[in-house]
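Sharing a model prediction with you, sequence too.
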Amino acid sequence: MDVRIGVTNTAKEIDLELPDGTDADALSKQIEETLGSETAVLWLTDRRGRRVGVPARKVAYVELEAKSDDRRVGFGSGAH
């Protein structure tokens, strides 16, 4: 699962690739609960074991995207 976190007052986003099998519903609930408190920190661990913490008051948005095996890279092939 891919997670993108927008941070207030910066144009940069935090992109994380979470381990396969991450439960999207449980993750959404964790994010919602964390963001409900101004003093909380949203902690996530990516598939390489890197821990990332973002203060809840700095989170502008969170996007969750399920990984797809059909992901394509590059240009589409058209009929020639």
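Happy to help now that I have it.

Can you show me the helices along this structure?
Shown for the chain, the helices assigned by DSSP state H span residues 24-35.

Please spell out the segments of it that come in under the pLDDT threshold.
When the per-residue scores of the chain are filtered using pLDDT under 70, the ranges that remain are 67-80.

just the strands in it please.
Assigned strands in the chain, in chain order: 2-7, 13-17, 41-45, 51-55, 59-65 (criterion: DSSP state E).

Between those strands, which one is closest to Lys29.
strand 59-65 (11.6 Å; CB to CB). All C-beta atoms are positioned from the backbone trio N, CA, C, and that covers glycine.

who does the closest one touch, helix- and strand-wise?
The helices and strands touching strand 59-65, judged by 3 or more CB pairs under 8 Å, 6 or more residues apart in numbering; DSSP states H and E, are strand 2-7, helix 24-35.

That strand to strand 13-17, inter-axis angle?
Calculated by axes from the mean of the first three to the mean of the last three CA atoms, to 10 degrees, strand 59-65 forms an angle of 30 degrees with strand 13-17.

What's the local residue count around the residue nearest to Glu38 when sequence neighbours are not counted?
Across the structure, with CB to CB, 6 or more residues apart in numbering as the measure, the residue nearest Glu38 apart from its sequence neighbours is Arg57 (4.9 Å). Under the neighbour criterion other CB atoms under 10 Å, Arg57 is assigned a count of 12.

hmm, back to that, tell me which of the helices and strands packed on strand 59-65 sits most buried.
Mean neighbour count (mean count of other CB atoms under 10 Å) peaks for strand 2-7 among those, with a mean of 17.
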